[in-house]
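Enquirer: give the three-dimensional model of this entry:
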Amino acid sequence: MGRMGFYFNMTTCIGCRTCQIACKDKNDLKIGTIFRQVRNFETGVFPTPGVYHYSGTCNHCANPKCVEGCPTRAMHVDADGTVQHDKTKCIGCRYCTWACPYGVPQFIEELGKVSKCDGCKDLRDQGATPVCVEACPMRALEWGELEELKAKHGSDITNDLPILPPSSTTNPSVLIKAKAIARQKDFRKKEI
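Expert: Numbering: from 1, shown residues only. All right, here's what the predicted structure looks like:
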């Protein structure tokens, strides 16, 4: 099995947050904790403004900074290449939260520990797909082997966008079909 990851089609995403809600529900996350987050951006000026949405979660990076920063090895890379978290080893030091350039690991105050997206490992072990993928009404999300996703979706994919840290930092396992306006480095771009 090759390295696993997400494909996100920004051109079909409508920013409905169904993926975010499905993840929050499946993981029983309290207010303030989000593993998958949909962010909305506005760019350009009248008469040609543009809006796009980015649905992001753990990128299950090939060079995960959260794993490098974890002193107990609670954060680790699984056999399928996904970044997993062992709650029994976590001491709540938060080094992983500071090390991740994407801000993915979340400190859960009531547990005194960190948690994050695991790509719905429990469901995948049963042959299902992550809930965010299943929930998306626009089918903007897919999960699979990165090489298969690349072959399926062609060459017009990236994991480098001006709103994200450079992919060379962690080599994220996410492929994005981006809107043209999302690729532009525009000083008028703002999160809404």
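Enquirer: contacts, neighbours, all on C-alpha from now
Expert: Noted.
Enquirer: residue ranges for the strands of this protein, please.
Expert: 4-9, 37-43, 50-56, 75-77, 83-85, 106-108, 113-115, 141-145, 174-177, 190-191 (DSSP state E).
Enquirer: and these, which one is worst for confidence?
Expert: Among these, strand 190-191 has the lowest mean pLDDT, at a mean of 76.
Enquirer: now tell me what touches that one from outside.
Expert: Outside strand 190-191, the residues that touch it by Cα atoms under 8 Å, 6 or more residues apart in numbering are 39-43.
Enquirer: sorry, back to before: of the strands of the chain, which approaches D122 most closely?
Expert: Proximity to D122 (Cα to Cα) singles out strand 83-85 among these, at 11.4 Å.
Enquirer: direction included, what does the closest one pair up with?
Expert: If you go by DSSP bridges, strand 83-85 pairs up with strand 75-77 (antiparallel).
Enquirer: how far is the partner strand from where the chain is centred?
Expert: 16 Å (Cα atoms, centre = their mean, to the nearest Å).
Enquirer: now stretch 19-36
Expert: Worked out by Cα atoms, centre = their mean, stretch 19-36 lies 13 Å from the chain centre.
Enquirer: what of stretch 59-66?
Expert: 11 Å.
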